[in-house]
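S.K.: sharing a model prediction with you, sequence too.
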Amino acid sequence: MKVFMIAGEPSGDRLGAALMAGLKTLVDQVEFLGIGGTEMQAQGLRSQFPMSELSIMGIAEVAPKYFHLKRRIRETAQAVIEANPDVLITIDSPDFCLRVARIVKEDEVEGLTFGRDIPTVHYVAPSVWAWRPKRAEKMAQWIDHVLALLPFEPPYMEAAGMSCDFVGHPVVADPIATKAEAQAFRDHHQIGTGPLVLALPGSRKGEVTRLADRFGEALGRVARAHPEMSVALPVAQGVEALVRDLTANWPVKPILIPADQPEQKRAAFRAADVALAASGTVSLELAAAATPMVIAYDMNWLSRVLIGRLLRVDTVTLVNLVSDTRTVPEFLGAECTPDRIAPALLAKLADPTAQKEAMALTMDRLGRGGEAPGLRAARSVLNAVARARTT
């Protein structure tokens, strides 16, 4: 079997590597071509060019690289058609991946006219349930099958004309620290009987810059009620210096956990009594560790207005959505203020069990205890290829 895969971000690289491992389990001989990072290359991918070239697909970064990226899109599409693989698997990064799929499906590469028959699979469904529902219909022009991370996503994809399988979320396969490791973390950092609060202000510079002061002030208010409180902050790669500067004057000096110490991050997640986190998949990581949470997030004024008008759901927290509850308080946009956040943190410290059922239900619905997501995704890909061959 010949598989062409494209990933443009570290998260996609991890998904791709797990999928590759699953395919190698199910297929005797499989060759991987395409674009990926270190984890996919470790599984046997020959990357056409460094994945880092595609990790700049943010709005501000795209303009100066536009012509280079456009050339890479056409080069990649031509490589797909020339390889004539059994399947093209694109992983997230829709700005790049779907443009490649479009060229492949529409035979736009001069002199190469057999790409239309290559089955296309996209890993990670667009969040059309939250905003911009027309994205699925547009994607269906070039994508045959979708691998969904969330259990409620397949009907949206199928309604747009694509087949879709829920294959489980990778968070269910991530290791979780033991109670002993959590206690060792507290002992090492001399955290006494006071509460340990986890601060997670995001992984991007813009997020950290917008949220750090508000998080710090909210934590200071909590510390007035809990003078023995400690704060731990796992730092995302690339924002270490910024986080250190922005937290230097926090009322409670945080324990900064470097990005290259994932085992310490896991221990902090398990040891924490409550977390204050930016919106995102981190809520699922906290649910996996059974750590109660409060979500707070803000963006620039224009994005806040535009997304507010387009949003189709009453909550953006994945734990709330997957569990179909609203037990995780969230403070978004104009409500992302210390005077609102602090009382919510105090309430969770007073009743840490309030979210327990919702967090457990979330993990069960995401596939905890079942077949590994990478293996489920591999089975789904093979089924999609088999359907394509029969038609």
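M.R.: Sure thing, it's come through. Model, not experiment: these values are computed from the prediction. Residues are numbered from 1 along each chain as shown.
S.K.: pretty sure L346 is touching V222, no?
M.R.: Yes: counting by CB atoms under 8 Å, L346 does reach V222; the two are 6.0 Å apart. Heads up, the C-betas are built off the backbone N, CA and C, glycines and all.
S.K.: so the two - more neighbours on which side?
M.R.: More neighbours surround V222 than the other of L346 and V222, with 25 against 17 (other CB atoms under 10 Å).
S.K.: give the helix, strand or coil label for the closest residue in space to that one that isn't next to it in sequence.
M.R.: Nearest non-adjacent residue to V222, counting by CB to CB, 6 or more residues apart in numbering: L345, 5.0 Å away. When classified by DSSP: H, G, I helix; E, B strand; the rest coil, L345 comes out as helix.
S.K.: what about L345, distance to P292?
M.R.: Distance, L345 to P292, by CB to CB, to the nearest Å: 9 Å.
S.K.: name the single longest helix found in the chain.
M.R.: Secondary structure of the chain per DSSP state H: the longest helix is helix 205-225.
S.K.: and it, what other elements does it pack with?
M.R.: strand 196-200, helix 240-246, strand 274-277, strand 293-297, helix 338-350 (3 or more CB pairs under 8 Å, 6 or more residues apart in numbering; DSSP states H and E).
S.K.: pLDDT on it, on average?
M.R.: Computed over helix 205-225, the mean pLDDT rounds to 96.
S.K.: ok, stretch 262-281 next?
M.R.: 96.
S.K.: output that stretch in CSV with nothing but the alpha carbons.
M.R.: C-alpha atoms of stretch 262-281 as CSV (Å, rounded to 0.1, in the frame of the first residue of the first chain):
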residue,chain,number,x,y,z
PRO,A,262,6.4,16.9,29.7
GLU,A,263,6.5,14.5,32.6
GLN,A,264,6.5,17.5,35.0
LYS,A,265,3.6,19.0,33.2
ARG,A,266,1.6,15.8,33.5
ALA,A,267,2.4,15.7,37.2
ALA,A,268,1.3,19.3,37.7
PHE,A,269,-2.0,18.5,35.9
ARG,A,270,-2.7,15.6,38.3
ALA,A,271,-1.5,17.5,41.4
ALA,A,272,-3.5,20.7,40.8
ASP,A,273,-6.7,21.4,42.8
VAL,A,274,-8.1,23.6,40.1
ALA,A,275,-7.0,25.1,36.8
LEU,A,276,-7.5,28.5,35.1
ALA,A,277,-7.0,27.9,31.4
ALA,A,278,-7.4,29.6,28.1
SER,A,279,-10.0,28.1,25.8
GLY,A,280,-8.9,25.1,23.6
THR,A,281,-8.1,21.4,23.7
